[in-house]
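Kindly return the folded structure for what I paste below:
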Amino acid sequence: MNTSIDYKNSNLIDGLTSFFGEDMNLARIKFLSLFIIALCKVQSVCFEKLATGFDCKATKLSSLRRIQRFMASYVLDVDLISRLVFALLPHKPPYILTMDRTNWQFGATDINILAIGIVYQGVAFPILFKFLPKRGNSNTQERIDIIDRFIQLFGKNAIKELVADREFVGEKWMEYLNSEEIKYHIRIRENFFVDDPRTGKKIKASWMFSHVKLNQIEVLRKIYYVNNQLCYLSASKVKDKNGIPELQILISFNYLENAIESYKDRWQIESMFKAFKSSGFNLEQTHLSDINRMEKLFAVVIIAFVWAYKIGLFLHHNIKEIRMLNHGYRAKSFVKYGLEYIAAILLNANYQDNIGIFDFLSCT
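The predicted model follows:
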């Protein structure tokens, strides 16, 4: 089997050209191919490390300058990346969307990302994201904008339901979701007050579920006002990270017996963020502070992420399952599993590619 540098690059270039060919020139596609291969080899977004991983005849310094020019001057249409991810999804719509925000600090700079992922077998596929020029929570308009963008790109029919944590509750936000008839399951704080439209009384949400026992689920059949918006409520009692029982109270657009089960998919976006950071591409190693450059970098990393994710899924289901640990979690994520396999092929000329790794980035 041909494992030469040119062979590897040409295979990835062919795959990217089949999708980006009408919107991106060949020179830029070739650069993206080099960048993605380097990402999978060094598993870091540090430019100096990436430059050493470029499979080309240029010097490390020349590759570094090429990366810097791309980040500084090239205008990347990130919607193209979203469309690529959508085309590569291994399952059909409608999809469960999970919304969350992650942040970290680089020196005095706050990196704050609002993202939507598509739920699938343990780690959400990153489909849309927005870097926020501030610390703290996203606001209503930022959330509405990212959902509107999804609808514009893929249609409202592609949304089965939205799951989100306690940050994503607000009157105007809920009004938007209700008016658009977007089904949702969003957690609220225990001290939230709800209004009973039948009696006009205010009731603390935790009081309504005070009788719920550990691991028990209850779904209320009557509708209530939360933040002046009508919704249904459900709750379960679970143990938190410290083993202490706590109520998990959800608001939902529609009455659904399995609302709690649907909400459990929310954590998959946290696994996605973890893969971008400590257990995958070490995104926090970047020295970038400019938001536009950060968004560009994040978009390119998404391609490598999806590639590794799909290969990890295939390996787990068809070659060798990931070992389960005593606490019930897998020894490594699908992304890490796929990334290790890709790196082994790219770094070792004698390592045989028995599954056709470049086919996993084909949309045909």
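
going forward, measure contacts and count neighbours with C-alpha atoms only.
OK.

Quick check: phi and psi at residue 324.
Here is the backbone geometry of residue 324 (degrees, to the nearest 10): phi -90, psi 130.

For residue 174, which residues are in contact?
By Cα atoms under 8 Å, 6 or more residues apart in numbering, the contact list for residue 174 reads residue 229.

May I have the phi/psi pair for it?
Backbone torsions for residue 174, taken as degrees, to the nearest 10, come to phi -70, psi -40.

With residue 303 instead?
phi -60, psi -50.

What is the neighbour count of it?
Neighbour count for residue 303, taken as other Cα atoms under 10 Å: 21.

The one 4 residues further on now?
The criterion is other Cα under 10 Å. On that basis, residue 307 has 25 neighbouring residues.

Can you mark which positions in the helix or strand containing it are buried?
Assessed by DSSP states H and E, residue 307 sits inside helix 291-314. The neighbour-count check on helix 291-314 (16 or more other Cα atoms under 10 Å) flags 293-314 as buried.

same for that helix, what does it pack against?
helix 26-42, helix 60-73, helix 78-88, strand 125-131, helix 268-276, helix 334-347 (3 or more Cα pairs under 8 Å, 6 or more residues apart in numbering; DSSP states H and E).

Of all those, which one is nearest residue 222?
helix 268-276 (29.9 Å; Cα to Cα).

I would like the residues contacting that closest one, please.
With contacts defined as Cα under 8 Å, 6+ apart, helix 268-276 is touched by 98-100, 102, 116-117, 119, 122-126, 280-283, 301, 305, 333, 335-336.

can you map out the helices along the stretch 151-300 of the chain?
Taking DSSP state H, counting those that start in this stretch, the helices of the stretch 151-300 of the chain run over residues 171-179, 205-208, 259-263, 268-276, 291-314.

now the end-to-end length of stretch 19-27.
15 Å (Cα to Cα, to the nearest Å).

Residues in a beta bridge with the most centrally placed residue in the chain, which ones?
Centroid-nearest residue in the chain: residue 126, 3.2 Å away (criterion: Cα atoms, centre = their mean). For residue 126, the beta-bridge partners are residue 117 (DSSP bridges).

can you pull the contacts of it?
Taking Cα under 8 Å, 6+ apart as the criterion, residue 126 is in contact with 85, 115-118, 272, 302.

measure stretch 48-63 end to end?
9 Å.

Same check on stretch 281-300?
11 Å.

For it, report the contacting residues that lie outside it.
By Cα under 8 Å, 6+ apart, stretch 281-300 touches 32, 36, 39-40, 43-47, 71-72, 76, 78, 81, 104, 106, 109, 111, 130-131, 133, 275-278, 301.

Same check on stretch 56-64?
In contact with stretch 56-64 (Cα under 8 Å, 6+ apart) are residues 5, 34, 47-48, 50-52, 54.
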